[in-house]
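Asks: here is my input, please return the structure:
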Amino acid sequence: MSELSFLLLAGGTFGILALGRVLRSQVVRRLAAALALVCFAALLRWGLTLADGEPRWEEWANVALLLALGYLTARAAMLLLFDWLLDRRMGVKVPRLARDVVAFVVYLLLTAAILRGMLGVEVTALLATSAVITVVIGLALQETLGTLLAGLALSSEQRLALGWWVDVDGLVGEVEELGWRALVLRTTLGERVLVPNSQATRARMRVLGKGEEPVAVPVELGVAYEAEPDRVKRVLDAVANDLPLVAGTPRCKAFVRSFGDSSIHYQVRLWTHQPWREADLRDDFLSRAYAALGREGMEIPFPQRVLHVRPRPSAGAPVARIAGALGACPLFAGLPEDGLRALAEGSHWLTFEPGEAVVREGEASRALYVVGVGAATVQKNGRELARLGAGEVFGEMALLSGEPRAATVRAAELLEVVEVDAHALHALLERHEELAEELASRMASRQQELAAHMEQLDGTLSRTGLTSFLRDRLLRLVRG
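Replies: Next comes the predicted model:
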């Protein structure tokens, strides 16, 4: 080649690099290193020609230029094969590790061929006759080769794929890349973690997939011995199966795990399609379980070193607070003080976490509820109908008519309500039977304002007829 040829080659590769940077070409960006090597080797060869260098140096410069051109050609060929033909045309995604191994073998063979053709050097014979060098290289690359072989094993088994979620010894992440040295995971915290292939093959790895099949997330908690296991399991099952992140099937189920020093240990298996959101799932379940167990008077004990007899805590609030919440409700406002106190003494103060259901559509009726703190939403067939605030009441018609609940009421935020059941109304009317007429009249007025609730009744009752119906129901609580 002439001096002008070397100069044109250097200028051409530099122009391609500059143009690719301006146009932001992905192909040129991936070939940038090879193009830069060709440009540098061509300039070196051109400079030696101008300087009338020794033939030996010119020969080595020719070898360097040929190696750079061979690297550029091989790199472009592999991009054409893997990215264009296999990936875009045939839809075959070749793992990064397999591509790196093929590239390494191609570069090695290409280098050996150029050295043999240009300099007459037999690379294989050199390695075979130099036993000391072979041993040194083998010892130096022992860990590297082990990591490479481990990566080949992970890739060949085809048990991992990009986008899948895995759990490697407690580290949960999405597979971003399977390289020759490490498995790259994107964790739920947004961190990129490199797990060496040798460590990944030895670790206990759980393949969580991409969410096609449900995976169980076990959550454990302890409940005091005073609570019967059957009751506890019913409460925990109801809480678990009402979580938004839980799959519809299979159903979540609670099990007695063991008997501890101060509590019975339960395990609840939460089936979900998003096991990588384990922290959110645990938080949601444990928060709701705490509120649900508290409403049922079930204690979650803590370790105690001093043995003493503790009275069973009541799941409620002071009578004065309950009476204040009832007095703020239009349905019970203006009742005699002793009657309001009798009603408060028989009622319960309950707390619900956001999203929990206070009552569910179709359930049997056993109480009415007054919102004390927070807000609730009324839902029917999954659609929100109304929003209730402090002082508002719900469930009174279902209690008195005996019909199943007509809608579901859920806590829109942290919700505290007063539960007034038949026993509490019985205590009130037993002292003041004359209040039945007054309460019935107030309930009838409220039902006319909320016409949707009239679907449980005849729908054609007048205000007088509705009042008589409700009065009879209230008096029946007293007379049995």
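Asks: just the terminal-to-terminal distance for stretch 319-333.
Replies: The straight-line separation of the ends of stretch 319-333 (Cα to Cα, to the nearest Å) is 16 Å.
Asks: so which bits of that stretch are buried?
Replies: 319, 322, 323, 325, 326, 327, 329, 331, 332 (16 or more other Cβ atoms under 10 Å). In this view, the C-beta of every residue, glycine as well, is placed from N, C-alpha and C.
Asks: what about the second one, which SS state?
Replies: I take that to be residue 322. Secondary structure, DSSP: H, G, I helix; E, B strand; the rest coil: residue 322 is helix.
Asks: that one and residue 346 touch, don't they?
Replies: No. Residue 322 sits out of contact with residue 346 when judged by Cβ atoms under 8 Å, with a separation of 9.5 Å.
Asks: ok, the closest residue to residue 375 other than its chain neighbours - contacts?
Replies: Ranked by Cβ to Cβ, 6 or more residues apart in numbering and with sequence neighbours excluded, the top spatial neighbour of residue 375 is residue 412, at 4.5 Å. For residue 412, the contact set (Cβ atoms under 8 Å, 6 or more residues apart in numbering) comprises 354, 374, 375, 376, 377, 387.
Asks: list the beta-bridge partners for the spatially closest residue to the second one that is not a sequence neighbour.
Replies: In space, residue 374 comes closest to residue 415 once its chain neighbours are excluded; the distance is 3.9 Å by Cβ to Cβ, 6+ apart. Going by DSSP bridges, residue 415 is paired in beta bridges with residue 352.
Asks: how far away is residue 415 from residue 325?
Replies: Residue 415 sits at a distance of 12 Å from residue 325 (criterion: Cβ to Cβ, to the nearest Å).
Asks: check residue 391 too.
Replies: Counting by Cβ to Cβ, the gap from residue 391 to residue 325 is 8 Å.
Asks: now do the shared contacts for the two.
Replies: Common contacts of residue 391 and residue 325, defined by Cβ under 8 Å, 6+ apart, comprise residue 370.
Asks: circling back: and the buried residues of stretch 319-333, which two are furthest apart?
Replies: Spatial extent of the buried residues of stretch 319-333 (Cβ to Cβ) is set by the pair 319 and 331 at 18.6 Å.
Asks: helices along the stretch 101-250 of the chain, start to end?
Replies: For the stretch 101-250 of the chain, helices defined by DSSP state H, counting those that start in this stretch occupy the ranges 123-129, 131-140, 142-157, 197-202, 229-240.
Asks: follow-up on the earlier one: for the contacts of residue 412, which single residue is the most surrounded?
Replies: Neighbour counts for the contacts of residue 412, by other Cβ atoms under 10 Å, peak at residue 376, which reaches 25 neighbours.
Asks: and the residue nearest to that residue when sequence neighbours are not counted, what does it touch?
Replies: The shortest distance from residue 376 to any non-neighbouring residue, by Cβ to Cβ, 6+ apart, is to residue 388 (4.6 Å). By Cβ under 8 Å, 6+ apart, residue 388 lies in contact with 371, 375, 376, 377, 378, 394, 409.
Asks: now the first one, what's its secondary structure?
Replies: What it means is residue 371. strand.
Asks: how deep is it tucked in, by neighbour count?
Replies: Around residue 371 there are 24 residues (other Cβ under 10 Å).
Asks: do you know the pLDDT at it?
Replies: If you check residue 371, the pLDDT there is 94.
Asks: how far away is it from residue 231?
Replies: Distance of residue 371 to residue 231, computed by Cβ to Cβ: 27 Å.
Asks: could you find the closest non-adjacent residue to residue 262?
Replies: Of all residues not flanking residue 262 in the chain, residue 301 sits nearest, at 4.7 Å (Cβ to Cβ, 6+ apart).
Asks: next, the residue nearest to residue 367 when sequence neighbours are not counted: phi, psi?
Replies: Spatially, and ignoring its direct neighbours in sequence, residue 367 is nearest to residue 421 (4.0 Å; Cβ to Cβ, 6+ apart). For residue 421, the backbone dihedrals (degrees, to the nearest 10) come out as phi -100, psi -170.
Asks: and the residue nearest to residue 375, backbone torsions?
Replies: Note on residue 412: backbone dihedrals following degrees, to the nearest 10 are phi -80, psi -20.
Asks: how many other residues sit next to the residue nearest to residue 262?
Replies: Look at residue 301: counted by other Cβ under 10 Å, it has 16 neighbours.
Asks: hmm, it is touching residue 221, no?
Replies: No. Using Cβ under 8 Å, residue 301 is not in contact with residue 221, being 10.7 Å away.
Asks: strands of the stretch 251-400 of the chain, start to end?
Replies: For the stretch 251-400 of the chain, the strands defined by DSSP state E, counting those that start in this stretch cover 253-259, 264-272, 348-352, 357-359, 367-373, 376-380, 383-388, 393-394.
Asks: tabulate those strands (a markdown table), appending distance to residue 8.
Replies: Shown next, in a markdown table, are the strands of the stretch 251-400 of the chain (distance: least, Cβ to Cβ, whole Å):
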| stretch | distance to residue 8 |
| --- | --- |
| strand 253-259 | 76 |
| strand 264-272 | 63 |
| strand 348-352 | 80 |
| strand 357-359 | 78 |
| strand 367-373 | 83 |
| strand 376-380 | 76 |
| strand 383-388 | 74 |
| strand 393-394 | 86 |
